[in-house]
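Visitor: The sequence isn't on hand, but the structure is:
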């Protein structure tokens, strides 16, 4: 158990190190930070002073070390574009993205598993076939097109839901304004959450269905039926648990993808989150923001990967053998 | 596997068969698999009985339909396979026409089933205690605690050492033979009157096979359960069964008391089968081999399915299909035994040295 | 490993598997499966239609939407199926705020979408195959480095990588060049974000192939590695690569549309379908629905048909590869 955990931790650290190296190289080699911050008119003396202040006169290794030290403290310097600290920019927008990501993740996982089970058990009836066909269309379409379609239908034509923005927010803590406690906030999150979750929903559904069909063909399911267990128990107790083992991994990875794909959804719905911030940064080559976002996303992915590994371990007793004795 | 044929120890159930109600009675069973190109007939006109306490061995090559027969009886055919005609009766009650819903209470409670591979028969994610308790409670009105106690008894009975320490173990922590013991305990948990054992020892080490067979025989005898023992291993049949049914290409071609069928097979295919097994039947200089191979289901010849390979085949065998005909000891589906106008037996031209 | 033996044994070694017989079997199987699925037939027709439209855009389109000189500002916001009162031009699908004919813009836009899609897939395929061959054939530290990079890259969704690569490449260029080279930057960004799958498949196939006897034999008789790679191993690993490529095309088209929609792809002066949709989104509430609607439908049809076609091809070519 411990060895397994340490091995995974090492892997995670390796990924983070590589990403940090990339982020550092961005800082160091893409554009000239001094030029970016001071503009063309500054004097050589000003530049030299800033260079010293930023530590750019040190050796590369020292600079990388300093970068790592400040990265650990979530310090990524000043945004070239808005001249504000990057950490501040990200923190004030993080709650919006997290709320959107969590709501759509719940939507995708719950609906994906339910529909996956349904289409596996009721294989061949018209509703299952319809769901499968619809899901094929769902995976084939770009996310932003689905978002626009939803806006057009529910906001423009029917006028039921807001087309953009986050609605009214209330302060939860000093740095967390939530939209989940107001009606307009809740109404605002519906369309973006569906848009963001739809792709993952179809993936999860298809995966659950495929795994479930596979599991339903196994000997132990046949034997469970031969033992006289009811369909319900066989499907929802035995088959489902075995289905979930491989599915957990993919679901975990998909959750990370949700945060990344939030970039697109946030742009479509003008959602004030970090994704929209990142897009602006890419457009204006705002390296500190890009680097910070990259590190943040990497951290999210690495943590999710770790959690998935541990969950896997919890579900499958076969993995527990080595550590737990008999 | 060596053969010890102690027929004296076995009660001769075959003779009592007529007057008691059979536990399992299969009549003209037909199983079809519709597919794109048409319909495959996987089982054709199968009829047999199993008396209370009797062990019927079902043998044949792989693909002959022996496992399919067991699956049809307990209604676990893989779709699109289904029973297309015939009757299955359990202690006189018709069960082949029951809906899935009505059939569920029969499984485990009145018909138990044991599968070939103990490694894959148990759900790897549940402890064996969980699997036993859920099975017991599905059939018997016991609370969790009593069901656990019963599970312990069962494990003890099937010879799991120190069962109280193993109840919370997972299947992967058991050896193959131990797992098959657990599977037997699961199949017997609700004391069914019929056990279908589908190749119960095939996946096990030879040294373990005899133990498992002995166990199966013992626990079934104690409960008076009838057994349908499906296997391709004549040795297993000879050691365990009272009667034997031989299948070929989805048809039942011979059935009779086990010693008679082994010593004096009546169907040319059975003759070949027995002759091809070392140490069985009449001793020969060399092992006999039947020419050719069993036809695929899609290409079963007209008349007797065995006719292209049969040394005695006549024109009639190619046109008319024989049903089970009485022989001196049992029944065989072969025109050699036509009471009116039997086909002539040709002398075997053996290539002995 | 004597050099003279090479010539002598070459034919034996090369007489290993496959050409024409296999091809015939493959063809018949594909055709058979194709005929049975109306959805696939439909997707094929739609794909062909879009391809043709894109290919012959300069001859079909009434105007060149990329040439500001041809845009009639006075015809801005002409509704579909309308002849302009001012210039007498007929607008089949309407015009946008610049007086750009939406129909022409769609034809030229799908041209860019398809061009970027194909080029990006080709780039990813070539890069991935080359790296996969090296990793699988040479092994050792090259394999370790390439596959480590692949692992790290696989941790992130490719659209995110494409965005990042796009941003980085831009950082190296003066702002004035951005619009001109956007299409090349897009191809590189999408291609670079997508090579891993090819590399993994090729590496696996190469390692299998390498251990086969005919390759062993070729090495023993001293054929140079390059020759073995290109003549013996490459033909055998191309199948999985092509299968991935068919799906990859749909993904690349979607990636291009997404980047352009996000405003980090094709500029509004040379709009692709994604750019058209981004521009059109502003008019969703003001009644000029056609500016968004028709490009949206065009992208929907393109993405869906290419995806369906790719899915089907994958299943026919190799049902096991997922």
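Guide: Good, I have the coordinates. Quick caveat: nothing in here was measured; it's all calculated off a predicted structure.

Visitor: Can you name the residue of the stretch 1-150 of chain C nearest to chain B?
Guide: Distances between the stretch 1-150 of chain C and chain B by C-beta to the nearest C-beta are smallest at residue C:36, namely 10.4 Å. For the C-beta atoms, the positions are set from N, CA and C on the backbone; glycine is no exception.

Visitor: What's the per-residue pLDDT of that residue here?
Guide: Turning to residue C:36, the model gives it a pLDDT of 73.

Visitor: One more: residue B:261?
Guide: What the model reports as pLDDT for residue B:261 is 87.

Visitor: Touching, it and residue B:253? I think so.
Guide: No: if you go by C-beta atoms under 8 Å, residue B:261 and residue B:253 don't touch, sitting 11.0 Å apart.

Visitor: Compare those two and say which one has the larger neighbour count.
Guide: Per other C-beta atoms under 10 Å in any protein chain shown, whichever of residue B:261 and residue B:253 has more neighbours is residue B:261, with 31 against 26.

Visitor: Just confirm the more buried one is within a strand.
Guide: No: with DSSP: H, G, I helix; E, B strand; the rest coil as the criterion, residue B:261 is located in helix rather than a strand.

Visitor: and the residue of the stretch 201-326 of chain A nearest chain B?
Guide: Closest point on the stretch 201-326 of chain A to chain B, by C-beta to the nearest C-beta, is residue A:228, at 2.7 Å.

Visitor: check which helix or strand covers that residue.
Guide: According to DSSP states H and E, residue A:228 maps onto no helix or strand at all.

Visitor: Contact partners for it?
Guide: Applying C-beta atoms under 8 Å, 6 or more residues apart in numbering or on different chains to residue A:228 gives the contacts B:104-109, B:135, B:138-139, B:190.

Visitor: and with 10 Å instead?
Guide: By C-beta atoms under 10 Å, 6 or more residues apart in numbering or on different chains, the contact set of residue A:228 is B:74, B:103-113, B:134-135, B:138-139, B:186, B:189-190, B:192.

Visitor: what are the ranges of the helices in chain A?
Guide: Applying DSSP state H to chain A gives helices spanning A:2-29, A:33-38, A:44-54, A:60-72, A:86-121, A:126-140, A:143-150, A:183-216, A:219-226, A:231-233, A:240-269, A:274-283, A:287-315.

Visitor: weakest of those helices in terms of mean pLDDT?
Guide: Lowest mean pLDDT within the helices of chain A: helix A:33-38, a mean of 65.

Visitor: Count the neighbours of the residue nearest to residue B:269 when sequence neighbours are not counted for me.
Guide: If the residues on either side of it in the chain are set aside, residue B:269 comes closest to residue B:306, at 4.9 Å by C-beta to C-beta, 6 or more residues apart in numbering or on different chains. For residue B:306, the count of nearby residues is 27 (other C-beta under 10 Å).

Visitor: same check, this time on the one 4 residues further on
Guide: Summarising burial for residue B:310: neighbours were counted as other C-beta under 10 Å, giving 25.

Visitor: And it, its phi and psi?
Guide: Main-chain dihedrals, residue B:310, degrees, to the nearest 10: phi -90, psi 130.

Visitor: So it sits against residue B:291, correct?
Guide: Yes: the criterion here is C-beta atoms under 10 Å, and residue B:310 meets it with residue B:291 at 9.4 Å.

Visitor: Would you mind listing the residues touching both of those two?
Guide: residue B:272.

Visitor: On the pLDDT front, check the closest residue to chain C within the stretch 201-350 of chain B for me.
Guide: The stretch 201-350 of chain B approaches chain C most closely through residue B:298 (19.4 Å), counting by C-beta to the nearest C-beta. Here the pLDDT value assigned to residue B:298 is 80.

Visitor: helix, strand or coil for the residue nearest to it when sequence neighbours are not counted?
Guide: Nearest residue to residue B:298, sequence neighbours excluded (C-beta to C-beta, 6+ apart): residue B:40, at 6.1 Å. Put simply, residue B:40 is strand when judged by three-state DSSP.

Visitor: show me what contacts the residue in the stretch 151-300 of chain B that chain A sits nearest to?
Guide: Nearest residue of the stretch 151-300 of chain B to chain A, counting by C-beta to the nearest C-beta: residue B:170, 4.4 Å away. Residues near residue B:170 by C-beta under 10 Å, 6+ apart: A:316-318, A:320-321, B:122-131.

Visitor: Go through those and say which is closest to residue B:201.
Guide: Distances from residue B:201 to those, taken as C-beta to C-beta, are shortest for residue B:122 (16.5 Å).

Visitor: if we can go back for a sec, so what sits against both of residue B:261 and residue B:253?
Guide: Joint contacts of residue B:261 and residue B:253 (C-beta under 10 Å, 6+ apart) are B:245-246, B:267, B:270, B:273, B:332.

Visitor: returning to what we had before: the contacts of residue A:228, buried ones only, as a PyMOL selection?
Guide: Buried residues among those (16 or more other C-beta atoms under 10 Å in any protein chain shown), as a PyMOL selection:
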select buried, chain B and resi 74+103+104+106+107+108+109+110+111+112+113+134+135+138+139+186+189+190+192
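
Visitor: Just the contacts of residue A:228: which are in helices?
Guide: Secondary structure from DSSP H places B:103, B:134-135, B:138-139, B:186 of those in helices.

Visitor: ok, residue C:142 touching residue C:132?
Guide: No: using C-beta under 10 Å as the test, residue C:142 is too far from residue C:132 to be in contact (11.2 Å).

Visitor: follow-up on the earlier one: from the contacts of residue A:228, list the ones also adjacent to chain A.
Guide: Among those, the residues lying close to chain A (C-beta under 10 Å from any C-beta of the partner chain) are B:74, B:103-113, B:134-135, B:138-139, B:186, B:189-190, B:192.

Visitor: Which positions in the lengthiest helix in chain C come out as buried?
Guide: Identified as the longest helix of chain C according to DSSP H is helix C:102-138. Neighbour counts over helix C:102-138 (16+ other C-beta under 10 Å) mark C:102-117, C:119-125, C:127-129, C:131-137 as buried.

Visitor: now swap in stretch B:290-308 and tell me
Guide: Buried residues in stretch B:290-308, defined by neighbour count with 16+ other C-beta under 10 Å: B:290, B:294-295, B:297, B:300, B:303-307.

Visitor: Please tabulate those in JSON lines, including the columns secondary structure.
Guide: Converted to JSON lines, the buried residues of stretch B:290-308 look like this (three-state DSSP):
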{"residue": "B:290", "secondary structure": "coil"}
{"residue": "B:294", "secondary structure": "coil"}
{"residue": "B:295", "secondary structure": "coil"}
{"residue": "B:297", "secondary structure": "helix"}
{"residue": "B:300", "secondary structure": "coil"}
{"residue": "B:303", "secondary structure": "coil"}
{"residue": "B:304", "secondary structure": "coil"}
{"residue": "B:305", "secondary structure": "coil"}
{"residue": "B:306", "secondary structure": "coil"}
{"residue": "B:307", "secondary structure": "helix"}
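
Visitor: what's the most distant pair in the residues you listed?
Guide: B:290 and B:297 (18.6 Å).

Visitor: circling back to that earlier point, the helices of chain A into CSV, with extra columns for distance to residue C:184 and mean neighbour count?
Guide: Listed next are the helices of chain A as CSV, based on distance: least, C-beta to C-beta, whole Å; neighbours: other C-beta atoms under 10 Å in any protein chain shown:
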stretch, distance to residue C:184, mean neighbour count
helix A:2-29, 20, 15
helix A:33-38, 24, 16
helix A:44-54, 33, 13
helix A:60-72, 30, 14
helix A:86-121, 30, 20
helix A:126-140, 27, 15
helix A:143-150, 23, 22
helix A:183-216, 28, 22
helix A:219-226, 54, 24
helix A:231-233, 58, 13
helix A:240-269, 23, 22
helix A:274-283, 17, 24
helix A:287-315, 21, 20
